[in-house]
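Peer 1: Here is my input, please return the structure:
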Amino acid sequence: MNREKVLQLLNKYIKNPNLKKHLLAAESLMRALAIKYNENPEIWGLAGLIHDLDWEQTIDNPEKHSIIAAEILEKEGYPEKVINAVKIHNHLHGIEPKTNLEKALYSCEEITGLIVATTLVTPSKKLADVTAERVLSKFKEKSFARGVDREIILKSKELLGLELKELIEIALESMQEISGELGL
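Peer 2: I've put the predicted structure just below:
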C-alpha cells in the first residue's frame with residue numbers, strides 16, 4: 001500500500017492532531033520491531049499507522065473500536081494480515097494474537113503514550129532528553145499516565161520475548177528519529 005494513500009484515508013477519519021501523532025509514533029515503533037523480528041517494515045509500519053482509524057468514531061463505544069476499522073480496511077482492499085492485526089489489537093475483544101505482527105501491535109503500541117507523557121513532564125519537553133530509565137521509572141508509577149495499560153505492555157514479554165526495558169529502548173529510539181513530526 002502506498003503510504004500517501006494511507007495518510008489520505010487517515011485524514012478522512014482522524015481529525016485530532018494528537019491522535020495522528022500517536023499513529024505516527026506507532027508506525028515508527030512497528031517498523032523498528034519489524035526489523036528486529038526480520039519482518040516486513042512496510043507492512044508492520046502500515047499496521048501501526050492505521051490501527052486506530054476508527055478511534056474518533058468509536059470513542060463512546062470501545063467494544064466497537066477496531067471492528068469498524070477492520071471493516072473499512074477490508075472495503076479499501078488492505079492486506080488481510082494488516083486487517084487482522086488492527087482488529088485484534090483491541091484487547092476488549094479477547095482475541096488472542098497469533099502472528100508476530102498481531103502480537104507486536106497488541107502488546108507494544110501503548111508504550112508510545114507513556115513515552116509521550118514522560119516527554120511532556122521533562123523540562124525541555126524534547127524526546128532527545130528522555131532516557132529509557134526515566135520511562136521505566138514512570139512506568140512503575142501507577143498514577144502516572146493512567147490511560148496507558150501497563151498489563152497489556154507487559155504481555156510483550158510473553159508474546160514476543162521482549163523485555164520491558166528493551167521495548168522502551170526500541171520505542172524511544174524510533175520516536176526520537178521522527179521527533180520533528182511528533183512535535184517533541
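
Peer 1: CA only for contacts and neighbour counts going forward, please
Peer 2: OK.

Peer 1: So what touches the particular helix or strand that has residue 172 in it?
Peer 2: Taking DSSP states H and E as the definition, one finds residue 172 inside helix 164-177. With contacts defined as C-alpha atoms under 8 Å, 6 or more residues apart in numbering, helix 164-177 is touched by 25, 28-29, 32-33, 108, 111-112, 115, 127-128, 131-133, 135-136, 153-154, 156-157, 182.

Peer 1: out of those residues, which are inside strands?
Peer 2: Using DSSP state E to define strands, no part of these is located there.

Peer 1: residue closest to the middle of this protein?
Peer 2: residue 109 (2.7 Å; C-alpha atoms, centre = their mean).

Peer 1: was I right about it contacting residue 24?
Peer 2: No. Judged on C-alpha atoms under 8 Å, residue 109 makes no contact with residue 24 at a distance of 10.7 Å.

Peer 1: Give me the common contacts of those two.
Peer 2: Shared contacts of residue 109 and residue 24 (C-alpha under 8 Å, 6+ apart): residue 48.

Peer 1: Name the residues of stretch 119-132 that are buried.
Peer 2: 119, 125-127, 130-132 (16 or more other C-alpha atoms under 10 Å).

Peer 1: Now the two most distant members of the residues you listed.
Peer 2: Distance extremes for the buried residues of stretch 119-132: the farthest pair is 125 and 132 at 15.1 Å, using C-alpha to C-alpha.

Peer 1: related to what we said a few turns ago, residues contacting the residue nearest to the centre of the chain?
Peer 2: 26, 29-30, 48.

Peer 1: Residue 87 too?
Peer 2: Neighbours of residue 87 in contact, by C-alpha under 8 Å, 6+ apart: 66-67, 69-70.

Peer 1: what's the answer for residue 80, then?
Peer 2: So residue 80 contacts residue 74 (C-alpha under 8 Å, 6+ apart).

Peer 1: and it, what pLDDT?
Peer 2: As predicted, residue 80 sits at a pLDDT of 97.

Peer 1: what's the answer for residue 95, then?
Peer 2: For residue 95, pLDDT reads 96.
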